[in-house]
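Student: turn this into a model:
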Amino acid sequence: MLQLLTFLVEKLLLLYKFKLFDPTWLDGENREPRAHSSGPPPAMRRGDLLEVPRTLFTHFGIYLGDNKVAHLIPDILPVLTDNNKLTGSVITNTRLILGCVYRCATVRVDTLEDFAYGSNILVNRMDKAVRTQPFSGDTVARRAEKLVGAFPYSLLWNNCEHFVTYCRYGSAASQQTEKFCECLKSIIRDQRSVIFTSLLGFISIVYFGMAPATTLPTILVPFTLWMAG
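Tutor: Numbers count the residues shown, from 1 in each chain. Take a look at the predicted model:
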(Lines give C-alpha, C1' and ligand atoms only; values in the text may rest on other atoms or scores of the structure.)
Protein backbone atom coordinates (compact mmCIF):
# COMPACT_ATOMS: atom_id res chain seq x y z
CA MET A 1 0.00 0.00 0.00
CA LEU A 2 2.85 2.38 0.81
CA GLN A 3 4.32 1.76 -2.64
CA LEU A 4 1.00 2.58 -4.27
CA LEU A 5 0.71 5.83 -2.33
CA THR A 6 4.27 6.74 -3.31
CA PHE A 7 3.43 5.99 -6.94
CA LEU A 8 0.38 8.29 -6.86
CA VAL A 9 2.28 11.14 -5.21
CA GLU A 10 5.10 10.89 -7.77
CA LYS A 11 2.71 11.06 -10.72
CA LEU A 12 0.67 13.89 -9.24
CA LEU A 13 3.85 15.88 -8.76
CA LEU A 14 4.80 15.24 -12.38
CA LEU A 15 1.44 16.52 -13.56
CA TYR A 16 1.66 19.51 -11.22
CA LYS A 17 5.02 20.48 -12.72
CA PHE A 18 3.41 20.18 -16.12
CA LYS A 19 0.70 22.59 -14.92
CA LEU A 20 -2.23 20.24 -15.54
CA PHE A 21 -3.50 21.25 -12.12
CA ASP A 22 -2.76 24.94 -12.41
CA PRO A 23 -5.33 26.60 -10.11
CA THR A 24 -5.79 29.64 -12.37
CA TRP A 25 -8.73 27.90 -14.10
CA LEU A 26 -10.70 28.44 -10.90
CA ASP A 27 -10.84 32.17 -11.72
CA GLY A 28 -13.39 31.21 -14.35
CA GLU A 29 -15.75 33.56 -16.15
CA ASN A 30 -15.72 36.23 -13.48
CA ARG A 31 -12.09 37.21 -13.81
CA GLU A 32 -11.72 40.44 -15.75
CA PRO A 33 -8.72 40.90 -18.03
CA ARG A 34 -6.19 43.32 -16.61
CA ALA A 35 -3.61 45.40 -18.37
CA HIS A 36 -0.11 44.02 -18.28
CA SER A 37 1.22 45.40 -15.02
CA SER A 38 4.66 46.37 -16.21
CA GLY A 39 3.65 47.39 -19.75
CA PRO A 40 4.98 45.92 -22.99
CA PRO A 41 8.62 44.85 -22.76
CA PRO A 42 10.80 47.57 -24.32
CA ALA A 43 12.40 45.16 -26.81
CA MET A 44 9.09 43.88 -28.20
CA ARG A 45 9.08 43.97 -31.99
CA ARG A 46 6.86 42.74 -34.81
CA GLY A 47 7.29 38.99 -35.18
CA ASP A 48 8.32 38.33 -31.58
CA LEU A 49 7.14 35.07 -29.99
CA LEU A 50 5.16 35.77 -26.81
CA GLU A 51 4.15 33.37 -24.06
CA VAL A 52 1.97 33.69 -20.96
CA PRO A 53 0.84 31.18 -18.31
CA ARG A 54 -2.88 30.59 -18.79
CA THR A 55 -5.28 27.85 -17.66
CA LEU A 56 -3.76 24.38 -18.09
CA PHE A 57 -0.84 25.23 -20.34
CA THR A 58 1.43 28.07 -21.35
CA HIS A 59 -0.25 30.09 -24.09
CA PHE A 60 1.68 31.41 -27.10
CA GLY A 61 1.21 34.15 -29.67
CA ILE A 62 2.99 36.22 -32.32
CA TYR A 63 3.32 39.97 -31.81
CA LEU A 64 2.14 41.88 -34.90
CA GLY A 65 3.01 45.38 -33.77
CA ASP A 66 0.63 48.22 -32.80
CA ASN A 67 -0.28 46.40 -29.56
CA LYS A 68 -1.76 43.42 -31.50
CA VAL A 69 -1.10 39.69 -31.05
CA ALA A 70 -2.08 36.79 -33.34
CA HIS A 71 -2.69 33.54 -31.48
CA LEU A 72 -4.39 30.18 -31.95
CA ILE A 73 -6.85 29.70 -29.13
CA PRO A 74 -9.72 27.26 -28.48
CA ASP A 75 -13.14 28.85 -28.11
CA ILE A 76 -16.58 27.26 -27.71
CA LEU A 77 -18.54 30.43 -28.53
CA PRO A 78 -18.30 30.22 -32.37
CA VAL A 79 -20.08 26.85 -32.12
CA LEU A 80 -22.96 28.45 -30.20
CA THR A 81 -23.42 31.80 -31.99
CA ASP A 82 -22.58 33.76 -35.14
CA ASN A 83 -22.65 37.07 -33.26
CA ASN A 84 -19.29 38.66 -34.11
CA LYS A 85 -19.58 41.04 -31.16
CA LEU A 86 -19.79 38.13 -28.72
CA THR A 87 -17.15 35.94 -30.35
CA GLY A 88 -14.80 38.91 -30.66
CA SER A 89 -14.82 39.56 -26.91
CA VAL A 90 -12.00 38.37 -24.67
CA ILE A 91 -11.84 34.57 -24.46
CA THR A 92 -12.27 33.59 -20.84
CA ASN A 93 -10.89 30.44 -19.27
CA THR A 94 -14.30 28.74 -19.37
CA ARG A 95 -14.66 29.39 -23.10
CA LEU A 96 -11.11 28.16 -23.65
CA ILE A 97 -11.55 24.89 -21.74
CA LEU A 98 -14.86 24.07 -23.47
CA GLY A 99 -13.25 24.90 -26.82
CA CYS A 100 -10.49 22.37 -26.04
CA VAL A 101 -13.10 19.72 -25.31
CA TYR A 102 -15.05 20.49 -28.51
CA ARG A 103 -11.78 20.93 -30.51
CA CYS A 104 -12.92 24.28 -31.91
CA ALA A 105 -10.34 27.05 -32.30
CA THR A 106 -9.45 30.13 -34.30
CA VAL A 107 -6.35 32.12 -35.08
CA ARG A 108 -7.42 35.58 -33.97
CA VAL A 109 -5.89 38.97 -33.37
CA ASP A 110 -6.29 40.50 -29.91
CA THR A 111 -4.76 43.38 -28.03
CA LEU A 112 -1.64 42.68 -26.01
CA GLU A 113 -3.62 43.17 -22.79
CA ASP A 114 -6.36 40.73 -23.77
CA PHE A 115 -3.78 38.16 -24.87
CA ALA A 116 -1.90 38.46 -21.55
CA TYR A 117 -5.17 38.11 -19.57
CA GLY A 118 -3.48 39.54 -16.50
CA SER A 119 -0.31 37.43 -16.70
CA ASN A 120 3.29 38.45 -17.30
CA ILE A 121 4.57 38.15 -20.85
CA LEU A 122 7.81 36.43 -21.83
CA VAL A 123 9.41 37.35 -25.16
CA ASN A 124 11.32 34.98 -27.48
CA ARG A 125 12.29 32.63 -24.66
CA MET A 126 11.90 29.68 -27.03
CA ASP A 127 14.76 30.93 -29.22
CA LYS A 128 17.19 29.51 -26.65
CA ALA A 129 15.68 26.01 -26.86
CA VAL A 130 15.13 25.81 -30.63
CA ARG A 131 18.20 25.27 -32.76
CA THR A 132 16.54 26.54 -35.94
CA GLN A 133 17.24 30.17 -36.77
CA PRO A 134 13.99 32.19 -36.68
CA PHE A 135 12.68 34.02 -39.73
CA SER A 136 12.86 37.79 -39.87
CA GLY A 137 10.29 39.54 -37.71
CA ASP A 138 8.18 40.76 -40.62
CA THR A 139 8.15 37.30 -42.22
CA VAL A 140 7.01 35.73 -38.94
CA ALA A 141 4.19 38.27 -38.56
CA ARG A 142 3.04 37.85 -42.17
CA ARG A 143 2.97 34.04 -41.78
CA ALA A 144 0.77 34.48 -38.69
CA GLU A 145 -1.54 36.97 -40.39
CA LYS A 146 -2.15 34.58 -43.31
CA LEU A 147 -3.54 31.97 -40.89
CA VAL A 148 -6.08 34.24 -39.15
CA GLY A 149 -9.51 32.58 -39.05
CA ALA A 150 -11.00 29.19 -38.19
CA PHE A 151 -8.30 26.58 -37.64
CA PRO A 152 -8.24 22.82 -36.92
CA TYR A 153 -7.28 22.18 -33.30
CA SER A 154 -5.84 19.35 -31.24
CA LEU A 155 -4.68 19.83 -27.67
CA LEU A 156 -1.64 17.61 -28.24
CA TRP A 157 -0.96 17.71 -31.99
CA ASN A 158 -2.07 21.14 -33.24
CA ASN A 159 -2.11 23.70 -30.45
CA CYS A 160 -1.01 27.32 -29.97
CA GLU A 161 2.64 26.28 -29.58
CA HIS A 162 2.56 24.44 -32.91
CA PHE A 163 1.14 27.62 -34.46
CA VAL A 164 3.87 29.96 -33.21
CA THR A 165 6.76 27.57 -33.92
CA TYR A 166 5.47 27.12 -37.48
CA CYS A 167 5.28 30.90 -37.93
CA ARG A 168 8.66 31.68 -36.38
CA TYR A 169 10.82 28.65 -37.26
CA GLY A 170 9.02 27.04 -40.20
CA SER A 171 8.34 23.75 -38.40
CA ALA A 172 5.41 23.08 -36.06
CA ALA A 173 6.46 21.58 -32.72
CA SER A 174 5.36 21.61 -29.10
CA GLN A 175 7.64 21.06 -26.11
CA GLN A 176 4.55 20.85 -23.89
CA THR A 177 3.23 17.93 -25.92
CA GLU A 178 6.60 16.19 -25.73
CA LYS A 179 6.74 16.63 -21.95
CA PHE A 180 3.20 15.32 -21.57
CA CYS A 181 3.97 12.23 -23.66
CA GLU A 182 7.10 11.58 -21.60
CA CYS A 183 4.99 11.84 -18.45
CA LEU A 184 2.53 9.27 -19.84
CA LYS A 185 5.40 6.96 -20.80
CA SER A 186 6.81 7.12 -17.28
CA ILE A 187 3.40 6.18 -15.85
CA ILE A 188 2.96 3.28 -18.28
CA ARG A 189 6.48 1.97 -17.74
CA ASP A 190 6.15 2.06 -13.94
CA GLN A 191 5.06 -1.45 -12.96
CA ARG A 192 3.29 -0.08 -9.90
CA SER A 193 0.62 1.23 -12.30
CA VAL A 194 -0.24 -2.41 -13.08
CA ILE A 195 -0.81 -3.13 -9.37
CA PHE A 196 -2.77 0.09 -8.95
CA THR A 197 -5.12 -0.54 -11.91
CA SER A 198 -5.59 -4.15 -10.82
CA LEU A 199 -6.58 -2.98 -7.35
CA LEU A 200 -9.05 -0.44 -8.78
CA GLY A 201 -10.52 -3.16 -11.01
CA PHE A 202 -10.92 -5.54 -8.09
CA ILE A 203 -12.66 -2.80 -6.05
CA SER A 204 -15.05 -2.08 -8.95
CA ILE A 205 -15.91 -5.80 -9.21
CA VAL A 206 -16.61 -5.97 -5.48
CA TYR A 207 -18.71 -2.79 -5.58
CA PHE A 208 -20.60 -3.26 -8.88
CA GLY A 209 -20.52 -7.04 -9.12
CA MET A 210 -19.14 -9.45 -11.70
CA ALA A 211 -20.06 -8.21 -15.17
CA PRO A 212 -18.34 -7.76 -18.56
CA ALA A 213 -18.20 -3.98 -17.98
CA THR A 214 -16.10 -4.48 -14.84
CA THR A 215 -14.32 -7.78 -15.42
CA LEU A 216 -12.90 -7.13 -18.90
CA PRO A 217 -11.25 -3.76 -18.00
CA THR A 218 -9.89 -5.33 -14.81
CA ILE A 219 -8.08 -7.93 -16.90
CA LEU A 220 -7.24 -6.02 -20.09
CA VAL A 221 -6.00 -2.70 -18.66
CA PRO A 222 -3.40 -4.14 -16.25
CA PHE A 223 -2.35 -6.69 -18.89
CA THR A 224 -1.84 -3.93 -21.47
CA LEU A 225 0.17 -1.81 -19.01
CA TRP A 226 2.26 -4.83 -18.06
CA MET A 227 3.02 -5.62 -21.72
CA ALA A 228 3.76 -1.96 -22.53
CA GLY A 229 6.07 -1.66 -19.54
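
Student: buried residues, the helix or strand hosting Thr94. List them.
Tutor: Secondary structure assigned from DSSP states H and E places Thr94 in helix 93-102. By 16 or more other C-beta atoms under 10 Å, the buried positions in helix 93-102 come out as Asn93, Thr94, Arg95, Leu96, Ile97, Leu98, Gly99, Cys100. To be clear about C-beta, it is placed using only N, CA and C from the backbone, and glycine gets the same treatment.

Student: average pLDDT for stretch 69-89?
Tutor: Mean pLDDT, taken over the full extent of stretch 69-89, equals 92.

Student: ok, now which ones touch Thr81?
Tutor: Thr87 (C-beta atoms under 8 Å, 6 or more residues apart in numbering).

Student: before we move on, back to that, packing partners of the helix holding Thr94?
Tutor: With contacts defined as 3 or more C-beta pairs under 8 Å, 6 or more residues apart in numbering; DSSP states H and E, helix 93-102 has these neighbours: strand 68-74, helix 77-80.

Student: okay, now the domains of the chain?
Tutor: Using automatic domain parsing, the domains assigned to the chain come out as 2-10+182-228, 21-173.

Student: weakest of these in terms of mean pLDDT?
Tutor: Ranked by mean pLDDT, these end with domain 2-10+182-228 at the bottom, a mean of 62.

Student: now do the phi/psi pair for Ala211.
Tutor: phi -160, psi 160 (degrees, to the nearest 10).

Student: same check on Leu50?
Tutor: phi -110, psi 150.

Student: now it. Nearest residue, chain neighbours left out?
Tutor: Gly61 (4.8 Å; C-beta to C-beta, 6 or more residues apart in numbering).

Student: partners of the host helix or strand of that neighbour in the sheet?
Tutor: With secondary structure defined by DSSP H and E, Gly61 is part of strand 57-65. Strand 57-65 pairs in its sheet with strand 49-54 (antiparallel), strand 68-74 (antiparallel), by DSSP bridges.

Student: quick one: it to helix 93-102, angle?
Tutor: Here strand 57-65 points in a direction 110 degrees away from that of helix 93-102 (axes from the mean of the first three to the mean of the last three C-alpha atoms, to 10 degrees).

Student: can you mark which positions in strand 57-65 are buried?
Tutor: For strand 57-65, the neighbour count (16+ other C-beta under 10 Å) marks Phe57, Thr58, His59, Phe60, Gly61, Ile62, Tyr63, Leu64 as buried.

Student: many thanks, we can stop here.
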